[in-house]
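In: Okay, here's the prediction I keep looking at, along with the sequence it came from:
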Amino acid sequence: MSEPPSPSPAARQRRKVVLLGATGSIGRNALRVVATHADKLELAGVAAHSNWRQLSEIAREHAVRDVAIYDAAAFREAKRSGLFSPGTRLHEGAPGLAALATLASADIVLVAVVGTAGLEPALAAIEAGKDLALASKEILVMAGRFVMEAARRKGTRILPVDSEHNAVFQCLEGHPGSGLRRIVLTASGGAFRDWPAERLEHATPADALKHPNWDMGRKVTVDSATLANKGLELIEAQWLFNLRPEQCTAVIHPQSLVHCLVEFNDGAMLAQLAPSSMTFPIQHALLYPERAGGVEPPIDFTRLVRFDFKPVDLERFPMMRLATEAMKGGGVAPAVFNAANEVAVEAFLGERIPFLAIPAIVGKALARMDNFEPGSLADVLAADQAARRGSAADVKGFK
């Protein structure tokens, strides 16, 4: 029998990607990037929370051997289904995500897991010396100090995937940090940016999920409506770019075409522009430092293009004020903010609390915490769990 042909040089040089959160919004866009640049990128592993049917289709289409399913019941269903190819290795739960993040064949791990479940695999990827493409902002909000310390110790690259952080990353490249005055992240204003304030008390989950610009998951879309998302991004930016809280600001930009403004000490500013599609930052992170043709066309300046900016109204968007206070407070305050927000958003989506209860519940969590500087990751996780328990009780008692 003749030997199989050797892989081409292009195939050998393809960057192997582990995609955690393959069935979500970021995951779907990442798959488009991988398909567009199949000569440069190859999936080495994919994971999802519970949507194993869609995950099986992705695994077959991309010939992926290592697959992880976080939810235990979904994992059992998947094993019984017979839909995965015989050679597929199925991994379960948090250990399964960590196993994918440390695959010997992987070059880069894209963490697009919603919430705090991405923390363990992100740290595992760093310890294994993988490049980390980070889309889950909660990881740095909760444990920024520990994640960044681990990355420095291992010499691991963290490549931001959030459109705003990716934009800052691009604007700062080649500029010494000592020359930076501040960064300005842009916020669309979410589904309620044009609503009169008195109407917000009647806002429903269906209303909140009608984002004017972006196609995102349910939780992130609600966070966009409260501007909690932008607050989390400011906290994340502080860690990613080694900034002081006063250097991290935001502005409302309804068009979502300018993703950041970076101001230097001489008063000059750089901006990064791209259409409101996540394929742009995902591709930049996965191919970095290479540039290649995009999945989608760029902004068309032969047509009328507007760029409007206005300050954030902290009365209308109290979650932004709370996030800023948590960032300035440091310690475990950002973790408490994140945990309480996750509980409140889940309750709102389940129609157990009204929209305006979200900032009320988060505010209570921050007010009752005893803030401290965590000495270990265990301290952060304990504060996270305590905040979740307290906020769950607030949801039950909300009138």
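Out: Okay, I see it. Residues are numbered from 1 along each chain as shown.
In: residues touching residue 93, list them.
Out: Residues in contact with residue 93, defined by C-beta atoms under 8 Å, 6 or more residues apart in numbering, are 70, 72, 75. Quick note: C-beta positions are derived from backbone N, CA and C, even for glycine.
In: What does the pLDDT read for it?
Out: Per-residue pLDDT puts residue 93 at 96.
In: Tell me how far it lies from residue 326.
Out: Residue 93 is 30 Å from residue 326, where distance means C-beta to C-beta, to the nearest Å.
In: Distance of residue 77 relative to residue 144?
Out: When C-beta to C-beta is applied, the distance between residue 77 and residue 144 equals 36 Å.
In: quick one: which of these two has more around it?
Out: Relative neighbour count places residue 144 above the other of residue 77 and residue 144, with 20 against 15, counting by other C-beta atoms under 10 Å.
In: can you list the residues that contact stretch 179-186?
Out: Contact with stretch 179-186 is made by 164, 168, 172, 230, 233-234, 237, 241, 243, 246-253, 256, 258-267, 309, as judged by C-beta under 8 Å, 6+ apart.
In: Name the helix or strand for residue 16, please.
Out: Taking DSSP states H and E as the criterion, the element that holds residue 16 is strand 15-20.
In: Identify the residues contacting that strand?
Out: Residues external to strand 15-20 that are found in contact with it (C-beta under 8 Å, 6+ apart): 27, 30-31, 34, 40-47, 66, 68, 97, 100-101, 103, 105-113, 118, 121, 125, 130, 286-287.
In: Now the element after that strand, going C-ward?
Out: Per DSSP H and E, strand 15-20 leads on to helix 25-36 as the next helix or strand towards the C-terminus.
In: Would you mark the buried spots in that next one?
Out: For helix 25-36, burial by neighbour count (16 or more other C-beta atoms under 10 Å) applies to 25, 26, 27, 28, 29, 30, 31, 32, 33, 34, 36.
In: With stretch 298-315 instead?
Out: Of the residues in stretch 298-315, those scored as buried under the neighbour-count criterion (16+ other C-beta under 10 Å) are residue 312.
In: from the buried residues of helix 25-36, which has minimum pLDDT?
Out: Across the buried residues of helix 25-36, the bottom pLDDT score, 90, is held by residue 25.
In: I'd say that residue and residue 278 touch.
Out: Yes - judged on C-beta atoms under 8 Å, residue 25 makes contact with residue 278 at a distance of 7.1 Å.
In: As JSON lines, the contacts of residue 93 with pLDDT, neighbour count and distance to residue 373 would be great.
Out: Output for those, formatted as JSON lines (pLDDT from 0 to 100; neighbours: other C-beta atoms under 10 Å; distance: C-beta to C-beta, whole Å):
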{"residue": "70", "pLDDT": "97", "neighbour count": "21", "distance to residue 373": "31"}
{"residue": "72", "pLDDT": "97", "neighbour count": "11", "distance to residue 373": "35"}
{"residue": "75", "pLDDT": "97", "neighbour count": "20", "distance to residue 373": "38"}
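In: closest to residue 371 among these?
Out: Residue 371 has its nearest neighbour among the contacts of residue 93 in residue 70, at 30.7 Å by C-beta to C-beta.
In: wait, isn't that closest one in contact with residue 98?
Out: No - under the criterion of C-beta under 8 Å, residue 70 is not in contact with residue 98, lying 11.1 Å apart.
In: what ranges do the helices span in the stretch 151-300 of the chain?
Out: In the stretch 151-300 of the chain, the segments counted as helices under DSSP state H, counting those that start in this stretch are 163-172, 205-208, 218-226, 228-240, 279-287.
In: Can I get the longest one in PDB, CA atoms only?
Out: Same thing as helix 228-240. Output in PDB follows, covering the C-alpha atoms of helix 228-240 (Å, rounded to 0.1, in the frame of the first residue of the first chain):
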ATOM      1  CA  ALA A 228     -23.300  47.000  32.200                       C
ATOM      2  CA  ASN A 229     -21.500  45.600  29.200                       C
ATOM      3  CA  LYS A 230     -19.600  48.800  28.800                       C
ATOM      4  CA  GLY A 231     -18.800  48.900  32.500                       C
ATOM      5  CA  LEU A 232     -17.400  45.400  32.400                       C
ATOM      6  CA  GLU A 233     -15.400  46.300  29.300                       C
ATOM      7  CA  LEU A 234     -13.800  49.300  31.100                       C
ATOM      8  CA  ILE A 235     -12.800  47.000  34.000                       C
ATOM      9  CA  GLU A 236     -11.400  44.500  31.500                       C
ATOM     10  CA  ALA A 237      -9.500  47.200  29.700                       C
ATOM     11  CA  GLN A 238      -7.800  48.300  32.900                       C
ATOM     12  CA  TRP A 239      -6.200  44.900  33.200                       C
ATOM     13  CA  LEU A 240      -5.500  44.300  29.500                       C
END
